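Undergrad: Have a look; sequence and predicted model below, questions after that.
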Amino acid sequence: MSKTLQKASLFFLNSYTKPQTLALTPAPDKPKKARELNAVDRLFREHWRDVCRVLHACYGSGPPEPEDVAQEAFSRFAQLRNLEKIDDPKAYIIKIAMNITLKSISRLCKTRAFIDEHIQHTQEQCDEMSPETILQAEQRIAAIQKGTEQLSEKQREILMRARIKGQTYTQISTDTGWSVADICRQLNAAMALLESIDEQANNTCHQMPATDASSSNFSFEQK
Amino acid sequence: MTDPKNAANATALNSNQNTELPASSAKVQAREWLTYLYSGDISSKKREEFLIWLNSSEENKTAFNRSHEVWQTIGMTDSAVQWIQQHTVTQAETVKPTKSKGVFAKSLLVFGAMAASVALLVFNGVFNTTTHLEIPQPLTAFTSPVGQNRTITLSDGTDVTLAGNSSILVAINQNERRVTLRKGSAYFDVTHDPSRVFSVSAQQTEVRVRGTAFEVKYSANNNLKISVERGLVDVADLPESPDQEEQVLQLRPNEQLRTDIQGRFISAITIFQPETEFSWLNQRLVYDDVPLKNVIMDINRYAKKPVVILDDSINELPITASFTFEQIEPMLEGLAAAYPIALTHEANRSVLTHK
């Protein structure tokens, strides 16, 4: 870049769009899009403060800063399709925000990268999202949800601290007073219960005929 | 304190000799390996043992994959949201101020603390063989507001310029000069001191120098960019555990390197244009074929209202532009005129979408 550019007040050298960016996705139905953006703006005004407060209480002041994460979460939410089919938008935005924060915890990223490097993802994880895989994912979430409701208070607390707050067992031990060995035992017991319920649901799913998945709104990126 | 790998996970961690296990054992072991890997206390040796176990049978692989999928799915349940909201309430209750103690009780506490400190000093003086007393160095935080740079001179004479909405933590003592970049971007003009390394860490990356000028900057996707203007700079990928070796690359003037959140070097060393890269030091932002998402990330350090992109399809749009901090508003209008972008001003933010 020439030095004259540094002194220029304001201009664009190339106002054209490069070939690779010409293949942009077609603009969606405008009235619908406008309605959705209005809805997102309303959600933003109603829940912004709450989402930031939740992130602050769970993950501290950062980095990443709760306000930045919340901003990103609302942006991603706005980009989802069929927003009107999401029952609880605030909960959905919090899930996205939790996911963004956990992805910025270096230790967890390293563990995740190590695991991803060595395990083969199942076909359904590798495939594009289809109605069948979306339905399977929703059924799996429902099964795990049911499982978490059956855990003891202590097991749920440990599981959520490890999985959602991203705490190490030593940190959990410091916060709760429970021993690391006990934390390991409780976590394994909790996972055993969730896995058995997941397996039961999976077996039932394979026995059932395919149902209509058109109402599905699962599009939350878990990776 | 019990080591997690010696406690509940003992079964799994010691079982890799037996490669022909029933499916139920494989499931139990998979679960125990999974909880061990996420325990926050893992060693290279155990990682190797895990890989041997994982690759010893298809059953093990299937069981571990299944266990990991369940672990991932927990984050998508409503229970997770309920817990985090409940946790917020609990946290708020625990930080409520407690009733103040009486003056006498307070005095006793203060006196007790002073007596303990003196005792500690005497104990250290008599029994400790080190040449100096290790006193934890308090960290000093410096932040810059949205909208403007801030220049600070540290106690060793080093000048630091923070880009808008940036933050660092500083600890300087007689042995070391340590800075942590919490967010944003910072340019360092380091005072030469052969006896004390000056280090800047961010995530799992550490930059070490003795006297030089360079910038460390957070960019999109939690990546870091290190750009050297003067002198030599060592960039280290900090190991996760003490038994792993760190990787170090040396950068020379006008050389640049990118690392990811894990500290891995994600680019080769490249040459950059200092007048473009450091233009923000002169209240100007200059871009030559830079993705829109990166431009917006920089703009948000200075814009009065945050700017968000609500269309993935325009994230990578290549932008070439030059403008001062005061020209951000007209620049956004210019973007909307020159590119297939729609700009909408909302009460709390400006939104960019595909036109």
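TA: Now that the structure is in, tell me what you want to look at. Numbering: from 1, shown residues only, chains lettered A, B, ... in the order given.
Undergrad: How is chain A partitioned into domains?
TA: What automatic domain parsing lists as the domains of chain A is A:29-118, A:128-212.
Undergrad: Could you find the closest non-adjacent residue to the closest residue to chain A within chain B?
TA: Residue of chain B nearest chain A, by CB to the nearest CB: B:Gly40 (2.5 Å). C-beta coordinates here come from the backbone N, C-alpha and C atoms, glycine included. Take B:Gly40 and drop its neighbours on the chain: the residue closest to it by CB to CB, 6 or more residues apart in numbering or on different chains is A:Thr168, 2.5 Å away.
Undergrad: Go through whatever helix or strand B:Val216 lives in and flag the buried ones.
TA: Assigned by DSSP states H and E, B:Val216 belongs to strand B:213-219. By 16 or more other CB atoms under 10 Å in any protein chain shown, the buried positions in strand B:213-219 come out as B:213-218.
Undergrad: could you measure the most centrally placed residue in chain B against B:Gly184, distance?
TA: Within chain B, the residue whose C-alpha comes closest to the C-alpha centroid is B:Gln203; the distance, by CA atoms, centre = their mean, is 2.9 Å. Note on B:Gln203: its distance to B:Gly184, by CB to CB, to the nearest Å, is 14 Å.
Undergrad: And for the closest residue to A:Lys90 other than its chain neighbours, the neighbour number?
TA: Nearest residue to A:Lys90, sequence neighbours excluded (CB to CB, 6+ apart): A:His47, at 4.8 Å. Counted with other CB atoms under 10 Å in any protein chain shown, residues neighbouring A:His47 total 18.
Undergrad: Which neighbouring elements make contact with whichever helix or strand A:His47 is part of?
TA: Assigned by DSSP H and E, A:His47 belongs to helix A:30-59. If you count contacts as 3 or more CB pairs under 8 Å, 6 or more residues apart in numbering or on different chains; DSSP states H and E, helix A:30-59 packs onto helix A:66-78, helix A:89-103, helix B:78-94, strand B:350-354.
Undergrad: And the ones you listed, which one averages the lowest pLDDT?
TA: When the helices and strands packed on helix A:30-59 are compared on average pLDDT, helix B:78-94 comes out lowest at a mean of 78.
Undergrad: B:Thr324: neighbour count?
TA: B:Thr324 has 15 nearby residues by other CB under 10 Å.
Undergrad: Just list whatever residues bridge to it.
TA: B:Arg284 (DSSP bridges).
Undergrad: doesn't B:Arg284 make contact with it?
TA: Yes. Taking contacts as CB atoms under 8 Å, B:Thr324 lies within contact range of B:Arg284: 5.1 Å.
Undergrad: pLDDT on stretch B:198-210, on average?
TA: Here the average pLDDT along stretch B:198-210 is 89.
Undergrad: Buried residues in that stretch, which are they?
TA: B:198-210.
Undergrad: now do stretch A:160-172
TA: A:160-170, A:172.
Undergrad: Mind checking which of those residues are in strands?
TA: Assigned to strands by DSSP state E, none of the buried residues of stretch A:160-172 qualify.
Undergrad: Put together CSV for those residues, with distance to B:Gly263 on each row.
TA: Below are the buried residues of stretch A:160-172 laid out as CSV (distance: CB to CB, whole Å):
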residue, distance to B:Gly263
A:Met160, 28
A:Arg161, 25
A:Ala162, 23
A:Arg163, 24
A:Ile164, 24
A:Lys165, 23
A:Gly166, 18
A:Gln167, 21
A:Thr168, 18
A:Tyr169, 23
A:Thr170, 22
A:Ile172, 25
